[in-house]
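Engineer: requesting a structural model of the entry that follows:
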Amino acid sequence: MSTTTLMTTTTTMNTTTPMTTTTTMNTTTPMTTTTPMTTTTTMNTTTPMTTTTTMNTTTPMTTTTTMNTTTPMTTTTTMNTTTPMTTTTTMNTTTPMTTTTTMNTTPVTTTTLMTTTTTTTTTPITEPPILEERNLSFSMDIDFQESYNNPESSVYKDTIDAIQNQSKVHISVPTTASLIGFRSGSTIADYSISATSLEDTEIVALQTGVLTQMGAIYRILFDSPDPLKFDPSDVFISVRVTVTCGPPPENLNLDDWRAEWRRDNELIREDSLHSFSKANGAAILTVSNFFITDNGLYECKLIDNNPNPPGVNFRQRGDIELRETPVIRVTPVRIKVECVDQQIELRCSVNSPYEVEFLNVPVFGHRFPS
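Structural biologist: Below is the predicted model of the structure:
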């Protein structure tokens, strides 16, 4: 019998592969095959990425089929058999069959949720220490020159060396010592000391050390922190006034000295109105008859008589001004009154800047008993 047969076959295939894939297979074969495929896929993916993959895969499949006929799937065959036109066959295939499968794979978007642990490291901020600063100065009894401010000058080098050396010796904490500069009056050196703490006793020791070191090279002026002493402190015209200078501090070792007095930078010479003396290690100037011309800024300098080494001179200053004598006017100066109950007016005035004060009498007057 010659028969042309189109066979529709439903094949169930159980295949285990290492992929889990849902595949729609459009296969052009002499057969229409519906194949449920169970795929096991093991994917170990650590990927912080979103991946889109398009796969066009041609997969060769080998199927073994046992049929009651030996016939290609799509063919014109002369068969000596009776075969139903539509059969549902469970095939145990032993016949090699090569199938070409075109797979249209839907792009797979893989979203990986990543948990990020952020460690914040806080670095402690160390604030710089608060420094205490002292501005100090000392004077050298030499004529000022602007060239002293040149760092290459010998005066500059000697001064900065003394300040830094004595800071290391007398200040107990790390110290920054700097020379600010020189100015006139004989020659004044300004410098600063900075440290986390500065004790007054250490500052005094530092100043003394600087003067001692510089005094071995230059004649130094020690300026007393205390002013000259005037007696009386309130001076009126024609009174006798004494001015006391010193005594100098013992650590200056200023034992043999001579006094030099100036008023408004003018040298005072001893005469009938001005006399010099010494008492208890101090120099004394006596003004026997104080006039308005004696007003002004007084300066006393105790000069070391020993020239080797140059040493230290002591200086003290103070100013005084003659006070205007009060002029008091009273009216009436004299009056006769009857011993009866009555009020008597007494007027009293004084020149500025003075004011009138009645002692033991009410401000608005006094009522005398009859």
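Engineer: burial measure for the closest residue to Pro247 other than its chain neighbours, as a count.
Structural biologist: Distances taken as C-beta to C-beta, 6 or more residues apart in numbering place Gly281 nearest to Pro247, at 3.4 Å, with adjacent residues excluded. C-beta here means a position set from N, CA and C on the backbone, and glycine is covered the same way. Gly281: 13 surrounding residues under other C-beta atoms under 10 Å.
Engineer: how close does Gly281 sit to Glu324?
Structural biologist: From Gly281 across to Glu324, the span is 36 Å (C-beta to C-beta, to the nearest Å).
Engineer: domains in this structure, by residue range?
Structural biologist: As assigned by automatic domain parsing, the chain contains the domains 132-223, 232-320.
Engineer: what's the end-to-end length of the first one?
Structural biologist: Using C-alpha to C-alpha, to the nearest Å, the end-to-end distance of domain 132-223 comes to 24 Å.
Engineer: mean confidence score for that domain?
Structural biologist: For domain 132-223, the mean pLDDT works out to 92.
Engineer: from here on, count from 37
Structural biologist: All set: I'll call the first residue 37, so the last point we hit is now domain 168-259.
Engineer: any chance of the domains of the chain in TSV, plus distance to Ile364?
Structural biologist: As requested, those are exported to TSV (distance: least, C-beta to C-beta, whole Å):
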stretch	distance to Ile364
domain 168-259	42
domain 268-356	14
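Engineer: is it true that Ile328 touches Ile356?
Structural biologist: No - using C-beta atoms under 8 Å, Ile328 is not in contact with Ile356, being 11.4 Å away.
Engineer: of these two, who's got more company?
Structural biologist: Using other C-beta under 10 Å as the criterion, Ile328 and Ile356 rank with Ile356 on top: 21 against 9.
Engineer: show me what that one is bridged to.
Structural biologist: Gly332 (DSSP bridges).
Engineer: contact partners for it?
Structural biologist: By C-beta atoms under 8 Å, 6 or more residues apart in numbering, the residues touching Ile356 are Phe266, Val271, Val277, Val279, Asp330, Asn331, Gly332, Tyr334.
Engineer: now do Val373
Structural biologist: By C-beta under 8 Å, 6+ apart, the contact list for Val373 reads Ile380.
Engineer: that one - that's part of a strand, no?
Structural biologist: No - assigned with DSSP: H, G, I helix; E, B strand; the rest coil, Val373 falls outside any strand and is coil.
Engineer: what about the helices in the stretch 137-286 of the chain?
Structural biologist: For the stretch 137-286 of the chain, helices defined by DSSP state H, counting those that start in this stretch occupy the ranges 190-206, 236-251.
Engineer: for Ser220, see how far away Glu188 is.
Structural biologist: Taking C-beta to C-beta as the measure, Glu188 falls 20 Å from Ser220.
Engineer: okay, these two: which has more neighbours?
Structural biologist: Ser220 (10 against 7).
Engineer: ok, now how distant is the closest residue to that one other than its chain neighbours from Val191?
Structural biologist: Spatially, and ignoring its direct neighbours in sequence, Ser220 is nearest to Phe180 (3.9 Å; C-beta to C-beta, 6+ apart). Separation of Phe180 from Val191 (C-beta to C-beta) stands at 10 Å.
Engineer: which neighbours do these two share?
Structural biologist: Phe218, Thr223.
Engineer: confidence score at Asn344?
Structural biologist: For Asn344, pLDDT reads 74.
Engineer: run a quick neighbour tally on it.
Structural biologist: With neighbours defined by other C-beta under 10 Å, the count for Asn344 comes to 5.
Engineer: let's verify it: helix, strand, or coil?
Structural biologist: The local conformation at Asn344, judged by three-state DSSP, is coil.
Engineer: again, but for Lys337
Structural biologist: Here Lys337 is recorded as strand under three-state DSSP.
Engineer: what's the per-residue pLDDT of it here?
Structural biologist: Note for Lys337: predicted pLDDT of 95.
Engineer: any idea how far Phe327 is from Leu358?
Structural biologist: Taking C-beta to C-beta, one finds Leu358 at 7 Å from Phe327.
Engineer: more crowded one of those two?
Structural biologist: Taking other C-beta under 10 Å, Leu358 and Phe327 do not tie; Leu358 has more neighbours (19 against 11).
Engineer: now stretch 366-384 - C-alpha only, PDB.
Structural biologist: Extracted as PDB, the C-alpha positions of stretch 366-384 are listed here (Å, rounded to 0.1, in the frame of the first residue of the first chain):
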ATOM      1  CA  VAL A 366      33.900 135.200 103.800                       C
ATOM      2  CA  THR A 367      31.300 137.900 104.200                       C
ATOM      3  CA  PRO A 368      30.700 139.600 106.400                       C
ATOM      4  CA  VAL A 369      34.200 139.400 108.000                       C
ATOM      5  CA  ARG A 370      32.900 141.000 111.200                       C
ATOM      6  CA  ILE A 371      29.500 142.100 112.400                       C
ATOM      7  CA  LYS A 372      27.800 143.200 115.600                       C
ATOM      8  CA  VAL A 373      24.600 141.500 116.400                       C
ATOM      9  CA  GLU A 374      22.100 141.900 119.200                       C
ATOM     10  CA  CYS A 375      21.500 139.000 121.500                       C
ATOM     11  CA  VAL A 376      18.000 138.300 120.400                       C
ATOM     12  CA  ASP A 377      16.300 135.600 118.400                       C
ATOM     13  CA  GLN A 378      17.300 136.400 114.800                       C
ATOM     14  CA  GLN A 379      19.000 134.900 111.700                       C
ATOM     15  CA  ILE A 380      22.400 136.100 110.600                       C
ATOM     16  CA  GLU A 381      23.700 135.200 107.000                       C
ATOM     17  CA  LEU A 382      27.300 134.300 106.500                       C
ATOM     18  CA  ARG A 383      28.600 133.800 103.000                       C
ATOM     19  CA  CYS A 384      31.700 131.700 102.200                       C
END
